[in-house]
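**Q** Fold the stuff below for me.
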Amino acid sequence: MKRIFIIVTLLASGAALAGVATQGLLSARAVFASKTMAAATQAELAAPEKKSTPPQGVTETGKTPDGLIDMAADRIAAQEIEVAPVEGGVLARLLSVPGTVILDADLVARVPARVVGTVTQMRKRLGDSVTQGEVVAVLDSREVADAKSEYLTASVAFDLDKTMFERSQVLWAKRISAEQQYLQARAKFLETELRLDLARQKLSALNLDPAEVAKAAKQDSAAKSGVSSLRAYEIRSLISGRVIERKVDVGSLVGSQGDPSDLYMIADLSRVWIELAVPTADLLMIEEGQAVTLTSGGDGGKHGDGRIIFISPLVHPDTRSARVISEIANADFFWRPGAVVTAAIAIKEDPVDVRVPRTALQTIGGEQVVFVRTSGGFQKRIVTIGGSDAQAVEITSGLISGEQIAVKNTFLLKAELGKGDAGAGD
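**A** As a prediction, this is how the structure comes out:
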């Protein structure tokens, strides 16, 4: 019995020891797992947070960067947004005065009748173009007929007397005829030659060609129609230009006292004058050769560049202003005589390194900006401005020469930015 009790006690003690060992092993495993998880958690916390990179030109919120306008080339062209390079230039201090377009006195010509007669043809209408030397009218004139007849008669007499003189000269040289006959023939020939010269000068005064007169007389004789060209007198234009005034009609009497003396007024409008009224106080700042910018119809009108060619030494007693003349090219005939314009005279010029048109500038958020052309559209650029004149401003910072900027319809780009700001606010 005693032996059985000892065996049972030993078995119970071994089971207890086995349970304690198992529980210790499980506790060790739990502690190791806890430390491993803690280390992993600390490693995750210590590692930097990884973020996705947005596409180029787009922020993390999916919006384009501030001031960038995405605009394709075809859309830019459709909205007529003009682009030009940034360049240096000149800023001018201007004196603004009123002016009136007038004809250039050097390019205006009257078409005179020259002789007394009746108008049989008027070949030009108002506004027609005329070339120098072109026949513009035809008169029927007794005065012309007399001058032509006198020349033709003197020409025939000259030929006859010349032949007689040459014959007498030969006979006298051979001592066949008397010297007196030779001297008489010579005197008559010289008289006829003088008469022919006078007749030729009359034709020249009438702007007639003696050779053409003789040719027309032969044609009349050959035609035998009974119609003579002796009375016809062709009127030719002295300059090329346009008919701006027609003063007579077919059948009108011209040339006599009390009759119209001119048939047409012709002007070459490729260049015109601008008559300016400059106050006496400003005359000291005006010089011949100064540049003048002309504007028609107010600030929104067409602009043109001219120069001062005359400053009157006299001052008008009523207006206390002097007459100043500027000339301007008028190839497209835009500047019409009689129109009122505004002239800006450059009285001082300052060169600058960066000069942009006023139309290129916009005010956004109280700052002056321009829009620089990019490969995908435009980029807003804040600039600092310096001096300015009526048309352009100086940029002291923010731009460099050579950059391409929008110079026309920039308000559309400002509106485009406004749409983007409104979307950002939503």
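**Q** can you list the weak-confidence ranges in the chain?
**A** 1-65, 221-228, 298-301, 420-426 (pLDDT under 70).
**Q** So which residue is smack in the middle of it?
**A** residue 304 (6.6 Å; Cα atoms, centre = their mean).
**Q** what's around the residue lying closest to that residue once chain neighbours are set aside, how many residues?
**A** Distance criterion Cβ to Cβ, 6 or more residues apart in numbering; nearest residue to residue 304, sequence neighbours excluded, is residue 294 at 4.6 Å. In this view, the C-beta of every residue, glycine as well, is placed from N, C-alpha and C. For residue 294, the neighbour count with other Cβ atoms under 10 Å is 21.
**Q** show me the contacts for residue 294.
**A** Listed by Cβ atoms under 8 Å, 6 or more residues apart in numbering, the contact set of residue 294 reads 99, 274, 303-306, 326, 328, 335, 341-344.
**Q** What residues are bridge-paired with it?
**A** residue 304, residue 343 (DSSP bridges).
**Q** now it: how far from residue 276?
**A** According to Cβ to Cβ, to the nearest Å, residue 294 stands 10 Å off from residue 276.
**Q** that older thread, who are the contact partners of the residue nearest to the centre of the chain?
**A** Going by Cβ under 8 Å, 6+ apart, residue 304 touches 293-294, 296, 328-329, 334-335.
**Q** In ChimeraX, how would I select the buried members of these?
**A** Only the buried members of these enter the following ChimeraX selection, criterion being 16 or more other Cβ atoms under 10 Å:
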select :293,294,296,328,335
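**Q** sorry, back to before: got any residues that touch both of residue 294 and residue 276?
**A** Between them, residue 294 and residue 276 share these contacting residues under Cβ under 8 Å, 6+ apart: 99, 326, 343.
**Q** Tell me how far the second one lies from residue 236.
**A** I take that to be residue 326. To residue 236, residue 326 is 32 Å away according to Cβ to Cβ.
**Q** more neighbours, those two?
**A** residue 326 (25 against 14).
**Q** I'd like to know how far that one sits from residue 292.
**A** Taken as Cβ to Cβ, the span from residue 326 to residue 292 is 5 Å.
**Q** what touches both of the two?
**A** Common neighbours of residue 326 and residue 292 (Cβ under 8 Å, 6+ apart) are 274, 276, 306-308, 343.
**Q** hang on, isn't residue 353 packed against residue 90?
**A** No: using Cβ atoms under 8 Å, residue 353 is not in contact with residue 90, being 11.2 Å away.
**Q** Going by neighbour count, which residues in stretch 174-186 are buried?
**A** Quick answer for stretch 174-186 (16+ other Cβ under 10 Å): 177, 182, 185-186.
**Q** and if you look at stretch 254-272?
**A** Buried, per 16+ other Cβ under 10 Å, within stretch 254-272: 254-255, 263-269, 271-272.
**Q** now, which of those residues lie within strands?
**A** For the buried residues of stretch 254-272, the ones inside strands are 254, 263-267, 271-272, with DSSP state E as the criterion.
**Q** Residue 196: which of those is nearest?
**A** Of all those, residue 196 sits closest to residue 254, with 29.3 Å by Cβ to Cβ.
**Q** What distance do you get for that closest one to residue 209?
**A** Counting by Cβ to Cβ, the gap from residue 254 to residue 209 is 22 Å.
**Q** Same check on residue 346?
**A** 51 Å.
**Q** Looking at those two, which is more packed in?
**A** Higher neighbour count among residue 346 and residue 209: residue 346, with 19 against 11, using other Cβ under 10 Å.
**Q** Let me see the contact set for the more buried one.
**A** Counting by Cβ under 8 Å, 6+ apart, residue 346 makes contact with 92-94, 290-293.
**Q** likewise residue 241?
**A** Counting by Cβ under 8 Å, 6+ apart, residue 241 makes contact with 107, 109, 129-130, 266-269.
**Q** please redo it, this time with the cut-off set to 6 Å
**A** 130, 266-268 (Cβ atoms under 6 Å, 6 or more residues apart in numbering).
**Q** likewise residue 235?
**A** Contacts of residue 235 (Cβ under 6 Å, 6+ apart): 111, 136-137.
**Q** Surely it is within a strand?
**A** Yes: Residue 235 forms part of a strand when assessed by DSSP: H, G, I helix; E, B strand; the rest coil.
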